[in-house]
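Enquirer: Got a sequence here, can you build the structure:
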Amino acid sequence: MDADRAGRRRCLLAGAVFAVCMAGTTLPTPLYGLYQEKFGFSELTVTVVYAVYAFGVIGVLLLAGNASDSVGRRPVLLCGLGFAAASAVCFLSATALGWLYAGRLLSGLSAGLFTGAATAYVMELAPRGDASRATFVATAANMGGLGCGPLLAGVLAQYADWPLYLPFAVHLALVACSVCVVLWLPETVRERQPLSAVRPRKPGLPPPVRAVFGPAAAASFVGFALFGVFTSVSPSFLAQSLDVHNRAVSGLVVALAFFASTAGQLAVGRVGVGRSLPLGCAALLAGLGLLAGALRWDLLPLVVLSAVVGGAGQGLAFRGSVAAVAQAAPADRRAAVVSALFVVAYAGISVPVIGVGLLVGPVGLEGAGLVFIACMALVVSAAGVYLLRRRPVPAERGGAG
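Expert: Numbers count the residues shown, from 1 in each chain. Got it, this is the predicted structure:
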């Protein structure tokens, strides 16, 4: 019993470190308006600054996504925390736009290292028979951490002094504490190899995966694109169209989407993979519709509802997608297939978001948002129809995966 209690404590501590790292990636969300005032850049620049993060994540996933399997979990997590600290220092030192680009890129490198390594670490530190609880901790730490970032920054920026400095100073302190925790926790990889053993992981699609990969990738792309728009331009929409200038409220709206995603991911275990994908597509479509209504009629309640419904849909669709492609892939190609899915998902954070930024100039924020919603609705509808007609993931094979 004492050993189990110690294992649960280590699992929770690793989850807390995971949450601290992920919170840093969304910390600037409610602060972009202040940076616009300080440096005088456009809405397009906001979306590009935000999207740089995704390029960092994709680069790490492709080049070193399996590093922790070779060199160990702790060295990779410490490296990720180092990138997180460097990102915070960039934002603290920001005197020009280039600092923001550097900070976002470093944040993406940090998240790319943490996504796989921290999830595996949390699972491995848990006692035997506690897989379900460890899955909950990893899921809550990942998406919950992403939600805590804008909430923390929004509250500090609204109700404390030095809004462009205090959030990153607090995060830097949390990162320092996290380093101490990782140094105290045990290593779980028994047979470690030198860094030279790490090789780039090439995404691949074996024939058995192709039937399910298309709709799974489409749903993941739309879900991440919705998050990308929420975390990059929703604070501007709240301020310009709804006259909501309270940064704590802006941070809370974005946080709700991530918290709802956590709930959606946890629901997959009950719903099953075969049902979670089409249900996730339906919820994403509903979330997009609510967001269109919010843009058209300038209603804050619809923004909140779109965050909750769309976030839950993203959680259902994404975890269902990962489980579906993983169970369809041959065991020796599973990591490559899941990597390919993550690359498509993180492309959703960058490409559509930059597209919205390009459209803001000629058609305005509302018009750009409606064009984005129409395009994403078309993609997710096609994926949902395909899933319902072809049923590439049978219901009897459902489960959390």
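Enquirer: helices or strands next to the helix or strand of the chain with the lowest mean pLDDT in the packing?
Expert: The least trusted helix or strand in the chain, going by mean pLDDT, DSSP states H and E, turns out to be helix 67-71, with a mean of 84. The criterion is 3 or more Cβ pairs under 8 Å, 6 or more residues apart in numbering; DSSP states H and E, and the helices and strands that helix 67-71 contacts are helix 73-92, helix 97-125. C-beta here means a position set from N, CA and C on the backbone, and glycine is covered the same way.
Enquirer: Mind doing that once more with 10 Å?
Expert: In terms of contacts (3 or more Cβ pairs under 10 Å, 6 or more residues apart in numbering; DSSP states H and E), helix 67-71 is packed against helix 43-64, helix 73-92, helix 97-125.
Enquirer: any chance of those helices in CSV, plus mean pLDDT and distance to F318?
Expert: As requested, those are arranged in CSV below (pLDDT from 0 to 100; distance: least, Cβ to Cβ, whole Å):
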stretch, mean pLDDT, distance to F318
helix 43-64, 91, 14
helix 73-92, 97, 21
helix 97-125, 93, 12
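Enquirer: Please verify my assumption that L279 contacts L316.
Expert: Yes. At 5.5 Å, L279 counts as touching L316 under the criterion of Cβ atoms under 10 Å.
Enquirer: Between these two, which contacts overlap?
Expert: Listed as contacting both L279 and L316 by Cβ atoms under 10 Å, 6 or more residues apart in numbering are 264, 267-268, 271.
Enquirer: for this structure, longest helix please?
Expert: If you go by DSSP state H, the chain has its longest helix at helix 334-390.
Enquirer: Mean confidence (pLDDT) on that one, please.
Expert: Per-residue confidence for helix 334-390 averages out to 90 on the pLDDT scale.
Enquirer: and the gap between V233 and L359?
Expert: When Cβ to Cβ, to the nearest Å is the yardstick, V233 and L359 sit 11 Å from each other.
Enquirer: and if you look at A138?
Expert: A138 sits 37 Å away from L359, taking Cβ to Cβ as the criterion.
Enquirer: Okay, buried residues for stretch 81-95 please.
Expert: Under the neighbour-count criterion of 16 or more other Cβ atoms under 10 Å, stretch 81-95 has 81-92, 94 buried.
Enquirer: again with stretch 265-285
Expert: Along stretch 265-285, the positions that meet the burial threshold by neighbour count (16+ other Cβ under 10 Å) are 265-269, 271-285.
Enquirer: how far does it sit from the chain's center?
Expert: Remark: stretch 265-285 is offset 18 Å from the chain centroid, using Cα atoms, centre = their mean, to the nearest Å.
Enquirer: okay, that stretch in PDB with CA atoms only?
Expert: Presented in PDB, the C-alpha positions along stretch 265-285 are these (Å, rounded to 0.1, in the frame of the first residue of the first chain):
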ATOM      1  CA  GLN A 265     -11.400  13.200 -24.000                       C
ATOM      2  CA  LEU A 266     -12.400  11.500 -20.700                       C
ATOM      3  CA  ALA A 267     -15.800  10.700 -22.200                       C
ATOM      4  CA  VAL A 268     -14.200   8.600 -24.900                       C
ATOM      5  CA  GLY A 269     -13.800   5.700 -22.500                       C
ATOM      6  CA  ARG A 270     -17.500   5.600 -22.000                       C
ATOM      7  CA  VAL A 271     -18.600   6.400 -25.500                       C
ATOM      8  CA  GLY A 272     -16.200   4.200 -27.300                       C
ATOM      9  CA  VAL A 273     -13.900   5.100 -30.300                       C
ATOM     10  CA  GLY A 274     -16.400   4.000 -32.900                       C
ATOM     11  CA  ARG A 275     -18.900   6.600 -31.600                       C
ATOM     12  CA  SER A 276     -16.600   9.300 -30.300                       C
ATOM     13  CA  LEU A 277     -15.300  10.300 -33.800                       C
ATOM     14  CA  PRO A 278     -18.700  11.000 -35.400                       C
ATOM     15  CA  LEU A 279     -20.000  12.500 -32.200                       C
ATOM     16  CA  GLY A 280     -16.900  14.700 -32.000                       C
ATOM     17  CA  CYS A 281     -17.500  15.800 -35.600                       C
ATOM     18  CA  ALA A 282     -21.100  16.700 -34.800                       C
ATOM     19  CA  ALA A 283     -20.100  18.700 -31.700                       C
ATOM     20  CA  LEU A 284     -17.300  20.500 -33.600                       C
ATOM     21  CA  LEU A 285     -19.900  21.400 -36.300                       C
END
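Enquirer: Looking at that stretch now, give me its mean pLDDT.
Expert: The predicted model gives stretch 265-285 an average pLDDT of 90.
Enquirer: For the buried residues of stretch 81-95, work out which two are farthest apart.
Expert: Farthest apart among the buried residues of stretch 81-95 by Cβ to Cβ are L81 and A94. That separation is 20.6 Å.
Enquirer: Keeping just the C-alphas, turn the helix or strand encompassing C180 into CSV.
Expert: Assigned by DSSP states H and E, C180 falls within helix 166-184. These are the backbone C-alpha positions of helix 166-184, laid out as CSV (Å, rounded to 0.1, in the frame of the first residue of the first chain):
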residue,chain,number,x,y,z
LEU,A,166,4.4,39.3,-14.1
PRO,A,167,2.7,36.2,-15.8
PHE,A,168,6.1,35.2,-17.3
ALA,A,169,7.9,35.8,-14.0
VAL,A,170,5.4,33.5,-12.2
HIS,A,171,5.8,30.9,-14.9
LEU,A,172,9.6,31.0,-14.7
ALA,A,173,9.3,30.4,-10.9
LEU,A,174,7.0,27.4,-11.6
VAL,A,175,9.4,26.0,-14.2
ALA,A,176,12.2,26.3,-11.6
CYS,A,177,10.1,24.3,-9.1
SER,A,178,9.3,21.8,-11.9
VAL,A,179,13.1,21.2,-12.5
CYS,A,180,13.5,20.3,-8.9
VAL,A,181,10.6,17.9,-9.1
VAL,A,182,12.0,16.1,-12.2
LEU,A,183,15.4,15.8,-10.6
TRP,A,184,13.8,14.2,-7.6
